[in-house]
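**Q** My questions concern the predicted model and sequence given below.
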Amino acid sequence: MSNWWRSNQAIGLYLLLIIGALFTYILWQPWAHRVMRDGFLLGMMPMMGVGLMLLCAAAMIMDPLRKEQPENLQDARTSDAWLPIVMLAGIGLCFWAMSRLGFLLASPPFLLAFMLWFGLRPVRLAIILAIVVPVVVFAFFTLLGVRLPQGILAGIF
């Protein structure tokens, strides 16, 4: 494989294509054009966020470091592509579990699994964080008036 495919410029191109597809998807959704009570479009913030990501990806294609290759990609192989696929599947499974079990019950196992996968050690710290972080996030969003999925704990909260 040529070195260009692993350069910052190529990564910027990959991101530009993927994020461009996401922007197009959001743009075509009927909910994105629904006007809210305050006069803003429901999809305005997602489109702004994705639009800014598009600008950053375009900057990667044209910046002075575009020909450089990140160190950790120099030894990358095509067979390494399963890692992000597993991560996306895990995130999808987490959202599926949240819809059934609720945020507080579904988040800790997934947080623990991902923290251990990314190398957070000691394991005791990962377990503590996997329990404390969802509780703090749930409490914070509850104080803001945002309801996270409650699942089977709906009668308690």
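**A** Thanks, I have the structure now. Residues are numbered from 1 along each chain as shown.

**Q** which non-adjacent residue is nearest Trp4?
**A** Once flanking residues are discounted, Trp4 sits nearest to Ala10: 5.8 Å by C-beta to C-beta, 6 or more residues apart in numbering. C-betas here are computed from N, CA, C, even on glycine.

**Q** neighbouring contacts of the helix or strand where that neighbour lies?
**A** Assigned by DSSP states H and E, Ala10 falls within helix 8-28. For helix 8-28, the external contacting residues (C-beta atoms under 8 Å, 6 or more residues apart in numbering) are 4, 32, 43, 46-47, 50-51, 53-54, 56-61, 63, 65-70, 73.

**Q** could you point out which element follows it?
**A** helix 44-62.

**Q** which intervals of this structure have sub-threshold pLDDT?
**A** For the chain, residues meeting the criterion pLDDT under 70 lie at 1-2, 72-74, 76, 157.

**Q** Count the residues that sit near the closest residue to Arg147 other than its chain neighbours.
**A** Spatial nearest neighbour of Arg147, excluding adjacent residues (C-beta to C-beta, 6+ apart): Phe141 at 7.6 Å. Neighbours of Phe141 under the rule other C-beta atoms under 10 Å: 13.

**Q** now the angle from the helix holding Ala10 to helix 44-62?
**A** 160 degrees (axes from the mean of the first three to the mean of the last three C-alpha atoms, to 10 degrees).

**Q** Turn the buried ones among the contacts of helix 8-28 into a named ChimeraX selection, would you?
**A** Buried subset of these, written as a ChimeraX selection, criterion 16 or more other C-beta atoms under 10 Å:
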select :43,46,47,50,53,54,57,58,60,61,66,69
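
**Q** Enumerate every residue touching Phe114.
**A** Neighbours of Phe114 in contact, by C-beta under 8 Å, 6+ apart: 87, 90.

**Q** can we see that at 10 Å?
**A** Applying C-beta atoms under 10 Å, 6 or more residues apart in numbering to Phe114 gives the contacts 87, 90-91, 94, 120, 126, 130.

**Q** re the thing from before, tell me which element the residue nearest to Arg147 falls in.
**A** helix 123-144.

**Q** For that helix, which residues meet the burial criterion?
**A** 126, 130, 134, 138.

**Q** State the pair within those residues that is farthest apart.
**A** Distance extremes for these: the farthest pair is Ala126 and Phe138 at 18.9 Å, using C-beta to C-beta.
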